[in-house]
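[1] show me the folded form of this:
(2 chains)
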Amino acid sequence: MQKKEIIALLLAGGQGSRLGILTKNIAKPAVSYGGKYRIIDFSLSNCINSDIDTVGVLTQYQPLELNAHIGIGKPWDMDRIDGGVTILSPYLKSEMGEWYKGTANAVFQNIHYVDKHSPKYVVILSGDHIYKMDYSKMLDFHKANNADATISVINVPIEDASRYGIMNTYENGRIYEFEEKPAHPKSTLASMGVYIFTWEVLKDYLIRDDQNPQSDHDFGKNIIPMMLNEGRSMWAYRFNGYWRDVGTIQAYWESNMDLIARVPELNLFDPAWKIFTPNPVKPAHYIGPEGSIKRAIVSEGCMIYGKVKNSVIFPGVYISEGAVIEDSIIMSDSYVGRDTYISHSILGENVKVGNRVKMGLGENIPNELKPSIYCSGITVVGDKACIPDDCVIGKNVVIDVGITEDEFYSLNIESGKSVLKGGEGE
Amino acid sequence: MKSTMGIILTGGKNNRLKELAETRSSTAVPVAGKYRMIDFALSNMVNSGITNVGVLTQYSFRSLMDHLGSGKEWDLDRRNDGLFIFPPSLTGENSGWYQGSADAMFHNITFLKRSFEEYVVIAMGNCVYNMRFDGMLDYHLQKNADITIAYRDMSDFPPEELVYMGSLNVDEDGRIIDFQEKHNDPKYVTCSMGIYLLRRELLIELLDECASHGKYDFVKDILIKKLETLKIYGYKFNGYWRNISTINAYYRLNMEMLKPEVRKELFEGEGKIYTKVKDEAPAKYNEEAEVTNSIVGDGCIIEGKVENSVLFRGVTIKKGVHVKNCIIMQGTVLNEDVKIEHTILDKGVVLSRGIHLKGTEKFPIIVAKNVTV
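    Residues are numbered from 1 along each chain as shown, chains lettered A, B, ... in the order given. Okay, here's the model as predicted:
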């Protein structure tokens, strides 16, 4: 096996429970984003664009969709003879099998994968974030500082700082303290969940952490503080640019909408830093004689006979005559019937919306069952749901994955209500 | 159809396509917003289960080679079989340039000889259609034919374009009894689609014989000469099929893509049509965009007005632009206040601010590749 200078480990096991039914059957990194991508495409494309061709993807929660999406890594040019992409799922060992207990434990359980490539450095990524970043520059920074660990940070507004892991650094960038979600933040440098470690050092800490029964086996909570306490050389690498944790419905919706600005902060059109994803085998999209599209992004295979405004439309979507779509996200292969009006909604894949439906109207009442998840006025429809003709649906409504027309308890679903499998919504 | 291999012919030089085929083979001409002509024949073969395909190429094949690559997009990057591209080559026996379709195949007869499949489908690479060849093989076997030729009623073509096709007539059983290749005054509106199916061994025999008589053309020197001695059957295809024998045919074909029923048959029909992917971002429409009855590829940025047009990938339409009845290929930029009608813009064209171009349906204006106006 050829020795690699650096390999990447991509933590893609998170459920992303604050994304509600968008992650009911898939892991957060597999959630569709930006008109044709999935969230993990950004980290994977960053790797290949940074010349990192060996990536281990650590999966745990609902990995089927993710495995199918990544395949042998062809779209990212990672179908390599040496290296490439490897899916690392939890497995049974001779004594006992176990799930990944935390981010650090997930890496600990795959020490043999890293050792096989005997890299000098590893970059640990999470598959949850939307950003374009050159890890090779961060590696240069890591080497220049002769660091044991380098943590990528971004400046956040001081009022938001208590939601993040905050790095307190000396002027030269060396970290002296790490605070997870501090009530009174001392700095505005938030960790982006991108770490470069010198592998020999990290390996030692992973092994020691594993022997500590009190540990949560988490990079942020355990490994980083332990290394700081022992005076390791740890540095903050400042990133300037677009970076979003699309962990909530609101953040997810906003980040998608960022792409329809005249000059989006995140440029998907840069030929030198493409974001790769499996391309759908579909023809170019078509707009009908009465169709209209303004301030929107539309993907291949769509047929737009109605009007689309301020929206993100994924491949293969059909919008019928007279339909109006505003401020919404519609995922692959969904169908919208005639004279239907959809506003401030997120539709999953293969959703079928009937004729004359009105969705996303009314008062902004948080969802009754899960007020912390669905509270920003956005109605969310799960994959493969069917919405009957003439249905009126309010704000913050949840329509479960795979709901059939018969499962609607009423044609009037008021704001804050849910239509769930098994009729829990009534 | 594991028992069948495929050969795609890319044809001679087509001067009637003017600037569009000046730097590329007619099989590499872009069509329908994201495809090249050859994608259709190649995808049809793959969809029919053919995994051993040879492409015989001659004129301006660089752009075709670039498009086909290793055959990855068609799943033809195989350890066994896969995609083989045969440009002309100079050897002790070969004079280099292919002198006709039979000559092209004869030059590459080793490809035929070392293949194992029992049957060969030969298809032209410059036609647009979605068809499975399995049905044709079933028909071939059922008729116990020596050669089967796919044909079609071409009455939906302008009569003046039939002179570029092979017109043929079949008897009640389906056997071809008359065949005229590119005749000035064709007798029949039923024409060959340039798709032939026969046993591989028979093809090798016929090519050997043809070459030994110093002849070169598969249709004139083999098919037409053997009408009586071999059982040559016609397999009727009733679906959508177009070629690009002239600029008008090319223009019309692209405009027909705006019809839902045509798109449905071509792209949601028997099998998918594959092409080289470009990893472009989805198309982006800004506030001022007004697009109706048009096809728009990925990677376009639109801020102007577009009607009844086909926009390929990565086209930029700036503010104040008005595009009507046009075909605009990949990476072309239309700056502010450009107005164009009935115009074909090849790849990488740049139209400066305020340019006006107006052709007609019969005589569309063509702007050649990478020209800045």
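
[2] just the CA trace of the helix or strand bottoming out on mean pLDDT in chain A, in CSV.
    The least trusted helix or strand in chain A, going by mean pLDDT, DSSP states H and E, turns out to be helix A:64-70, with a mean of 88. The C-alpha coordinates for helix A:64-70 follow below in CSV (Å, rounded to 0.1, in the frame of the first residue of the first chain):
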residue,chain,number,x,y,z
LEU,A,64,-28.5,2.7,3.1
GLU,A,65,-29.2,5.9,1.2
LEU,A,66,-25.7,7.2,2.0
ASN,A,67,-24.0,4.0,0.8
ALA,A,68,-26.0,4.0,-2.4
HIS,A,69,-25.1,7.7,-3.0
ILE,A,70,-21.4,7.2,-2.4
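
[3] centre of the chain to the very next helix or strand once past it, how far?
    Beyond helix A:64-70 on the C-terminal side, the first helix or strand identified by DSSP states H and E is strand A:84-88. Centroid separation for strand A:84-88 versus its chain: 18 Å, with Cα atoms, centre = their mean, to the nearest Å.

[4] show the average pLDDT along strand A:84-88.
    Strand A:84-88 shows a mean pLDDT of 90.

[5] re earlier: now the least confident helix or strand of chain A, how far from the chain's geometric center?
    14 Å.

[6] is it true that A:I158 touches A:P185?
    Yes - if you go by Cβ atoms under 8 Å, A:I158 and A:P185 touch, sitting 6.7 Å apart. To be clear about C-beta, it is placed using only N, CA and C from the backbone, and glycine gets the same treatment.

[7] which of those two has more residues huddled nearby?
    Neighbour totals were compared for A:I158 and A:P185, and A:P185 leads with 20 against 10 (other Cβ atoms under 10 Å in any protein chain shown).

[8] which residue comes closest to that one once chain neighbours are left out?
    Using Cβ to Cβ, 6 or more residues apart in numbering or on different chains and skipping the chain neighbours, the partner closest in space to A:P185 is A:A161 (3.7 Å).

[9] give the contact list for that neighbour.
    Counting by Cβ atoms under 8 Å, 6 or more residues apart in numbering or on different chains, A:A161 touches A:P182, A:P185, A:S187, A:T188, A:A190.

[10] list phi and psi for it.
    phi -60, psi -30 (degrees, to the nearest 10).

[11] how about the helices in the chain?
    This is for chain A. For chain A, the helices defined by DSSP state H cover A:40-49, A:64-70, A:103-108, A:111-117, A:135-144, A:199-210, A:224-229, A:249-258.

[12] wait, chain B was what I had in mind.
    Under DSSP H, chain B gives helices at B:38-47, B:62-68, B:101-107, B:109-113, B:134-142, B:200-212, B:218, B:247-256, B:260-267.

[13] in a markdown table: the ones you listed, plus mean pLDDT and distance to A:K3.
    Converted to a markdown table, the helices of chain B look like this (pLDDT from 0 to 100; distance: least, Cβ to Cβ, whole Å):
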| stretch | mean pLDDT | distance to A:K3 |
| --- | --- | --- |
| helix B:38-47 | 95 | 39 |
| helix B:62-68 | 87 | 35 |
| helix B:101-107 | 88 | 47 |
| helix B:109-113 | 92 | 42 |
| helix B:134-142 | 95 | 50 |
| helix B:200-212 | 93 | 49 |
| helix B:218 | 91 | 55 |
| helix B:247-256 | 94 | 52 |
| helix B:260-267 | 92 | 47 |
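
[14] was I right to think B:F84 contacts B:L112?
    No - judged on Cβ under 8 Å, B:F84 makes no contact with B:L112 at a distance of 11.0 Å.

[15] which residues of the chain score low on pLDDT?
    Using chain A here. Residues of chain A meeting the criterion pLDDT under 70: A:1-2, A:92-97, A:423-426.

[16] oops, wrong one, chain B.
    Along chain B, the parts satisfying pLDDT under 70 run over B:1-2, B:12-13, B:90-96.

[17] can I see the domain layout of it?
    For chain B, automatic domain parsing gives the domain ranges B:4-268, B:284-367.

[18] format those as JSON lines; extra columns: mean neighbour count and distance to chain A.
    Shown next, in JSON lines, are the domains of chain B (neighbours: other Cβ atoms under 10 Å in any protein chain shown; distance: least, Cβ to the nearest Cβ, whole Å):
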{"stretch": "domain B:4-268", "mean neighbour count": "19", "distance to chain A": "3"}
{"stretch": "domain B:284-367", "mean neighbour count": "21", "distance to chain A": "4"}
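
[19] mind putting the ones you listed in CSV, distance to A:F276 included?
    Shown next, in CSV, are these (distance: least, Cβ to Cβ, whole Å):
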stretch, distance to A:F276
domain B:4-268, 14
domain B:284-367, 13
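
[20] among the helices of chain A, which is nearest chain B?
    helix A:40-49 (9.2 Å; Cβ to the nearest Cβ).

[21] contacting residues around that closest one?
    A:8, A:10, A:12, A:29-30, A:33, A:53, A:55, A:57, A:66, A:69-70, A:73, A:76-78, A:85, A:125-127, A:129-135, A:273-277.

[22] so which of the residues you listed are also by chain B?
    Contacts with chain B within those, counted by Cβ under 8 Å from any Cβ of the partner chain: A:K274, A:I275, A:F276, A:T277.

[23] can you add neighbour count and distance to B:I340 and give those residues back as CSV?
    Converted to CSV, the ones next to chain B among the contacts of helix A:40-49 look like this (neighbours: other Cβ atoms under 10 Å in any protein chain shown; distance: Cβ to Cβ, whole Å):
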residue, neighbour count, distance to B:I340
A:K274, 17, 30
A:I275, 24, 32
A:F276, 20, 34
A:T277, 22, 33
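
[24] ok, those vs B:L207, which is closest?
    A:F276 (43.7 Å; Cβ to Cβ).

[25] contacting residues for the closest residue to chain B within the stretch 251-400 of chain A?
    Here the residue of the stretch 251-400 of chain A nearest chain B is A:A284; by Cβ to the nearest Cβ that distance is 3.1 Å. For A:A284, the contact set (Cβ under 8 Å, 6+ apart) comprises A:E300, B:A32, B:G33, B:K34, B:I295, B:V296, B:G297, B:D298, B:V310, B:L311, B:F312, B:R313.
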